[in-house]
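Q: from the sequence below, what's the structure:
(one chain, ligands or ions: 2)
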Amino acid sequence: MQVGSNEVVIGIDSSTQSTKAVAVDVATGAVLGEGRAAHTVSGGAVRESDPREWWRALGQAVAATGYAERAAAVSVGGQQHGLVTLDTDGEPVRPALLWNDVRSAPQAAALVAELGRDTWAQRAGSVPGASFTAAKWAWLRENEPEAAARTAAVRLPHDYLTGRLSGAAATDRGDASGTGWWTPEGYDLDLLARLGLDAGMLPTVVEAGKAAGEVLAGTGTGLRPGTLVAAGTGDNMAAALGLGLAPGRPVLSLGTSGTVYAVTRGRPADPSGTVCGFADALDHWLPLACTLNCTLAVDRTAALLGLDRQAVEPGGTAVVLPYFDGERTPDLPYASGLIHGLRHDTTGGQLLQAAYDGAAYSLLAALDQVLVAGGEQIDPGTELLLIGGGAQGKAWQDTVRRLSGRPVRIPAAGELVALGAAAQAAALLTGERADEVARRWGTSAGRLLEPLPKDDAALERIADTLHRSGSLFDQPTV
Ligand SMILES: Nc1ncnc2c1ncn2[C@@H]1O[C@H](COP(=O)(O)OP(=O)(O)O)[C@@H](O)[C@H]1O
Ligand SMILES: O=C(CO)[C@@H](O)[C@H](O)COP(=O)(O)O
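A: Ligands and ions are numbered 1, 2, ... in the order given. Got it, this is the predicted structure:
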């Protein structure tokens, strides 16, 4: 196809809290229409969603773009790691276990003990934590053997949606690299045997730049049958595509999860487990560190204090470790929220600022490790790309500037995961690489915020509190 022929593609971001869709002009990158629909996530100690709700939300979000019938190609970026179990009719056996459900922490620990950290890092690229699909499958076998026995197919969230659109049993290297059973050579058959999982139950890994299939008749999405469906990918991999990221350029994403990552030329293998050695959606790597407590934890703190989320105040000695959901970075699945250093004169606004600081701290502490793991240079003067819902908030922006000491760029394009999926869909039509498409669209352009002097005192206070929190976080709170 000639770029410039008014083709339209639709990119979809099926994330934890909602589905967003964008209709994009392939030639210019102009966003022609947008749609959004919310999901429900169960509460308490459980983080589960019904995959059929994602499918309904996808239909609503795609319809709301106003371009479903005109789209020539479509692609789905989805929340990583979630375990979707399907029966022989392709129906969910039970709700999906999500990336932020820490009930699988004991199974992750057992898997790590069985093979050892070095072997995991070398084979899977990552030492699996509770978020990884392998740990979730082990949890299901142990806790709901009947559900595991009824499972005929295992999918990631984006695979499930690609399957509903096209009928294809397809995934991509990026999202597959967050399962624990993917290697660059293919699925790890030894690990699958240990997990009692047949490789035939898993989707085929589609090569970058190739289609997974075509939209089926009667999907109810408004998309025309025959519309090309790209392989899709994990949401962080999709955002990397959406930014057209060049190797070595760091990104901080503030959403339901907090993530820090870079595209790198080297394959990461961090035995400490801080850096997940994901593959990107093309032919590079995506070392990434992820926190479970980001925008939701800060918003919850603001609500508890009865404050607007922007009502932060400087100063004070309070430290908040906002580990409402347990934590993944640092690896403290049994943690809960902790406040330390309160004084009579501590204000609510200072406490709220401390929650922002506590949430940003672990991500920024992992930034250099991410670059090192992928063999890229650390340059503290390099700007940090700030994305995700939180990137729109001034309090988040200033927190990141103060704790990183780096210049921060806020891309004007809002929905970078959906845009990355759109770039993947467009690449099917134009024959370009998806990251080249995004660079042509200029998606990473946006406001540059000058660096602020690094607040070493705040960083030291948080590090010290974390260090001394010790046994408080070792076991579930009674
Ligand atoms: N202006 C803002 N300031 C701070 N936080 C915001 C702002 N707008 C949205 N958010 C936060 O962004 C989060 C959603 O981010 P998003 O990246 O869309 O989530 P997800 O990771 O599920 O895709 C919400 O939890 C909300 O708290
Ligand atoms: O688990 C990870 C990364 O490893 C998360 O980043 C999920 O991919 C969820 O993403 P959001 O819903 O926050 O976008």
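
Q: how about the residue in the protein that sits furthest from its center?
A: Ranked by distance from the centre of the chain (CA atoms, centre = their mean), the top residue is His344, with 39.2 Å.

Q: could you point out the longest helix in the chain?
A: helix 348-373 (DSSP state H).

Q: pLDDT averaged over that one - what is it?
A: Helix 348-373 shows an average pLDDT of 98 in the prediction.

Q: now that helix: buried residues?
A: Under the neighbour-count criterion of 16 or more other CB atoms under 10 Å, helix 348-373 has 348-367, 369-373 buried. Heads up, the C-betas are built off the backbone N, CA and C, glycines and all.

Q: quick one: stretch 397-411 near ligand 1?
A: No. Taking CB under 6 Å from any ligand atom as the criterion, stretch 397-411 and ligand 1 are apart, separated by no less than 9.0 Å.

Q: and that stretch, how far out from the chain's middle?
A: 20 Å (CA atoms, centre = their mean, to the nearest Å).

Q: in this structure, where is pLDDT below threshold?
A: 1-5, 477-478 (pLDDT under 70).

Q: residues of it that sit close to ligand 2?
A: 15-16, 79-81, 99, 131, 178, 234-236, 255-257, 259, 276, 288, 290.

Q: mind giving me the packing neighbours of the next helix or strand after the longest helix of the chain?
A: As assigned by DSSP states H and E, the chain's next helix or strand after helix 348-373 is strand 384-387. Packing contacts for strand 384-387, counted by 3 or more CB pairs under 8 Å, 6 or more residues apart in numbering; DSSP states H and E, involve strand 251-254, helix 394-404, strand 408-411.

Q: which one of the ones you listed lies closest to Arg117?
A: strand 251-254 (25.9 Å; CB to CB).

Q: what does the closest one rub up against?
A: 236, 239-240, 243, 245, 258-262, 294-295, 363-364, 367, 384-391, 396, 400 (CB atoms under 8 Å, 6 or more residues apart in numbering).

Q: my read: Ala238 touches Asp13, true?
A: Yes. Proximity of Ala238 to Asp13 meets the contact threshold set by CB atoms under 8 Å, at 6.9 Å.

Q: overlap of the contact sets of these two?
A: 77, 417-418, 421.

Q: looking at the residues you listed, which are in strands?
A: Among the shared contacts of Ala238 and Asp13, the members found in strands (DSSP state E) are Gly77.

Q: Gly315: which of the shared contacts of Ala238 and Asp13 is nearest?
A: For those, with Gly315 as the reference and CB to CB as the criterion, the closest is Val417, at 36.1 Å.

Q: and the closest residue to that closest one other than its chain neighbours, what are its bridge partners?
A: In this structure, Val417 finds its nearest non-sequential neighbour in Asp13, 3.7 Å apart by CB to CB, 6 or more residues apart in numbering. Residues in a beta bridge with Asp13, per DSSP bridges, are Lys20, Gly77.

Q: same question for Ile339.
A: Taking DSSP bridges as the rule, Ile339 bridges to Val320.

Q: and it, how far from Leu472?
A: 12 Å (CB to CB, to the nearest Å).

Q: try Gln350
A: Distance, Gln350 to Leu472, using CB to CB: 22 Å.

Q: please apply the same query to Asp398.
A: Counting by CB to CB, the gap from Asp398 to Leu472 is 30 Å.

Q: state the phi and psi torsions of Asp172.
A: In terms of degrees, to the nearest 10, the main-chain angles of Asp172 are phi -140, psi 170.

Q: name the nearest residue to it, ignoring sequence neighbours.
A: Ala231 (4.1 Å).

Q: tell me how many other residues crowd the one you found.
A: 30 (other CB atoms under 10 Å).

Q: who's in contact with Gly174?
A: Contacts of Gly174 by CB under 8 Å, 6+ apart are 233-234, 237-238, 278-281, 286.

Q: just Gly446 next, same as before
A: Per CB under 8 Å, 6+ apart, neighbours of Gly446: 409-413.

Q: again with Val84
A: 51, 92, 96, 154-157, 159-160.

Q: quick one, phi/psi of it?
A: For Val84, the backbone dihedrals are phi -110, psi 120 (criterion: degrees, to the nearest 10).

Q: now it, which residues is it bridged with?
A: Bridge pairing for Val84 - DSSP bridges - gives Arg155.

Q: for Ala463, see how far away it is.
A: On the measure of CB to CB, Val84 and Ala463 end up 38 Å apart.

Q: try Leu307
A: From Leu307 to Ala463 the distance is 26 Å (CB to CB).

Q: neighbour count for the two, which is higher?
A: When Leu307 and Ala463 are compared for neighbours, Leu307 comes out ahead with 17 against 13, by other CB under 10 Å.

Q: so the more buried one: helix, strand or coil?
A: Secondary structure, DSSP: H, G, I helix; E, B strand; the rest coil: Leu307 is coil.

Q: look up phi and psi at Ser49.
A: phi -140, psi 150.
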